[in-house]
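J.: heads up, no residue letters with this:
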């Protein structure tokens, strides 16, 4: 394996710090696995990252006469990045969290891409005798061969291709989630033939850079070309993905960002990057599989970017049998209920109604009514979105139930209160084999004695299709903002 001319062997103390950081990452993920301990897990993982950053900065001091140059770049960058990240995290609303995650995934991929290209660029510069640093091998010793530089060249190629696909794909995902892009094609990008051509070009460039390139200059040309093609491939793979499938794409891109970080760890010979990237990559793949099951999607279709633009299937037909209601009319119904199941959705998040929902639930419980929350895996456009919102309002964890554990109980519920959810409780998933969401596991809210759907309008959900739930015989529509509706219901219940 080629030894990078600028790679220093970490001091034992630094490696110990990296090991401690890796252990904290593992522990943090363990705590993130449960709602009760998720906040602690996030704090532990953040501590692990702080340890890793401190160890890296300490390692820069070991660079001798070049430590000043290293700190001149690292210091301001660290300060700027930290302040920017803090400001964004504080200001971002919960409703924009999916877009926020998409941007973070993309930045992780971009970092891996730039680091890999920087490593190859420095080797090319040294080999061309444009820069000679004291104490480093001469440019003549920086030749690559199919035998000596294979593992480094492959690591660089993987960092470039995965990082580039993650970056461009995540930016398209952000644009779609933010409503800035609504189409499934960008010129030829997005079509299956174009994706196949770009995929073959990517494979060819990886083979060239990993197996054929003999000199650093050839390696740089191969990876520079690979970066451009991979950026286009990321756009092409993400453009066809419809709105309803975007949560799956976000989970997959999160995995890509971890894998990109892992391969960059091999490029830099950095153990903590390898461990952290592996953890993110593996957990992202597991989450993607869970999401695919929840959405009834094939992982192979996700990987190939052929899930389809479900938004194009929107129906223009109107509703004819919708029964509307008011908070005043609903109050007696809720007052007499013995079991109410609340189904939170994106509309609840937009309205920031979680605290009012908790207040309503408390009133019902004081009257002897049992209250449960049905959480669909993709409610709120992102896994865990609803859990976080409800945790903010101090909703007891014991009242949160996943789809598999709550669906059978709707038949015993007096009221199913649907707050801004649409696609996750659409009977078309079971009844219409031609529907874009056909086969997707949904919450069987229609089995409740009465279904109350709180929405601002009868507009379609993220999948862009109509919902026959709105005009079932046992359904009532409360057309209002979720927060305002909850405030009115609380007021009416107190007056009973």
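T.: Cool, got the structure. Everything numeric in this text was worked out from a predicted model, so none of it was measured.
J.: just the mean pLDDT for the biggest helix by length in the chain, thanks.
T.: With secondary structure taken from DSSP state H, the chain has its longest helix at helix 97-127. In this model, helix 97-127 has a mean pLDDT of 83.
J.: could you check the angle helix 97-127 makes with the helix or strand following that helix?
T.: Counting by DSSP states H and E, the element after helix 97-127 in chain order, helix or strand, is helix 150-177. Orientation of helix 150-177 against helix 97-127 (axes from the mean of the first three to the mean of the last three CA atoms, to 10 degrees) gives an angle of 150 degrees.
J.: in stretch 422-432, what's buried?
T.: Residues 422, 423, 424, 425, 426, 427, 428, 429, 430 are the ones in stretch 422-432 that count as buried (16 or more other CB atoms under 10 Å). Any C-beta I mention is one placed from the backbone N, CA and C, and that applies to glycine too.
J.: and if you look at stretch 355-373?
T.: Within stretch 355-373, the residues scored as buried using 16+ other CB under 10 Å are 355-361, 363-364, 369-373.
J.: still on that earlier bit, okay, the buried residues of stretch 422-432 in a markdown table with pLDDT and secondary structure next?
T.: A markdown table is the format used below for the buried residues of stretch 422-432 (pLDDT from 0 to 100; DSSP: H, G, I helix; E, B strand; the rest coil):
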| residue | pLDDT | secondary structure |
| --- | --- | --- |
| 422 | 87 | coil |
| 423 | 85 | helix |
| 424 | 88 | helix |
| 425 | 92 | helix |
| 426 | 91 | coil |
| 427 | 92 | coil |
| 428 | 89 | helix |
| 429 | 87 | helix |
| 430 | 87 | helix |
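J.: ok so, going back, closest to residue 170 out of the buried residues of stretch 355-373?
T.: The nearest member of the buried residues of stretch 355-373 to residue 170, counting by CB to CB, is residue 373 at 30.6 Å.
J.: now whichever strand or helix holds the closest one: how far from the chain's centre is it?
T.: Applying DSSP H and E as the criterion places residue 373 in strand 370-375. How far strand 370-375 lies from its chain's middle: 26 Å, per CA atoms, centre = their mean, to the nearest Å.
J.: elements contacting it?
T.: Under the contact criterion of 3 or more CB pairs under 8 Å, 6 or more residues apart in numbering; DSSP states H and E, strand 370-375 touches strand 339-344, helix 354-366, helix 385-392, strand 400-402, helix 403-406.
J.: residue 211 is nearest to which of these?
T.: Of all the helices and strands packed on strand 370-375, helix 385-392 comes closest under CB to CB, at 43.8 Å.
J.: so how far is that closest one from its chain's centroid?
T.: Distance, stretch centre to chain centre, for helix 385-392: 16 Å (CA atoms, centre = their mean).
J.: repeat that for stretch 79-87.
T.: Offset of stretch 79-87 from its chain centre (CA atoms, centre = their mean): 21 Å.
J.: mean confidence (pLDDT) on that stretch, please.
T.: The model assigns stretch 79-87 a mean pLDDT of 89.
J.: any buried residues in that stretch, and which?
T.: Buried positions in stretch 79-87, judged by neighbour count with 16+ other CB under 10 Å: none.
J.: kindly report the same for stretch 25-45.
T.: In terms of neighbour count (16+ other CB under 10 Å), stretch 25-45 has its buried residues at 25, 27, 28, 29, 31, 32, 35, 38, 41, 44, 45.
J.: what lies in contact with that stretch?
T.: Stretch 25-45 is contacted from outside by 24, 46, 48-49, 275-276, 279, 283, 384, 387, 391, 397, 400, using CB atoms under 8 Å, 6 or more residues apart in numbering.
J.: and those, which of them are buried?
T.: Among those, those scoring as buried are 24, 48, 275, 276, 279, 283, 384, 387, 391, 400 (criterion: 16+ other CB under 10 Å).
J.: pull the most distant pair out of the residues you listed.
T.: Spanning the widest gap among the buried ones among the contacts of stretch 25-45 are 275 and 400, at 31.7 Å by CB to CB.
J.: tell me the contacts of the residue nearest the centre of the chain?
T.: The centroid of the chain falls nearest to residue 250 when counting by CA atoms, centre = their mean (3.6 Å). Going by CB under 8 Å, 6+ apart, residue 250 touches 98, 101, 102, 105, 173, 177, 382.
J.: the fifth one contacts residue 252, doesn't it?
T.: No - counting by CB atoms under 8 Å, residue 173 sits too far from residue 252 to count as a contact (9.6 Å).
J.: isn't there a helix covering residue 436?
T.: No - counting by DSSP: H, G, I helix; E, B strand; the rest coil, residue 436 is not found in a helix; it is coil.
J.: neighbours of it, just the number please.
T.: If you count neighbours by other CB atoms under 10 Å, residue 436 ends up with 24.
J.: can you check residue 112 too?
T.: Counted with other CB under 10 Å, the neighbours of residue 112 add up to 32.
J.: likewise residue 156?
T.: Other residues close to residue 156 by other CB under 10 Å number 30.
J.: ignoring the adjacent residues along the chain, who's closest to it?
T.: Spatially, and ignoring its direct neighbours in sequence, residue 156 is nearest to residue 116 (4.9 Å; CB to CB, 6 or more residues apart in numbering).
J.: would you map the strands across this protein?
T.: 339-344, 370-375, 400-402, 415-419, 450-455, 475-479 (DSSP state E).
J.: which outside residues touch the fifth one?
T.: Applying CB under 8 Å, 6+ apart, the contact partners of strand 450-455 are 325, 330, 333, 347, 414-420, 422, 445, 469-470, 472, 474-480, 482, 485-486.
J.: how does it look with 6 Å?
T.: The contact list for strand 450-455 (CB atoms under 6 Å, 6 or more residues apart in numbering) reads 415-419, 445, 474-478, 482, 485.
J.: tell me the angle that strand makes with helix 354-366.
T.: Using the same axes, to 10 degrees: strand 450-455 against helix 354-366 is 160 degrees.
J.: list the buried ones in stretch 270-282?
T.: In stretch 270-282, counting by 16+ other CB under 10 Å, buried: 270, 271, 272, 273, 274, 275, 276, 277, 278, 279, 280, 281.
J.: that'll do, ta.
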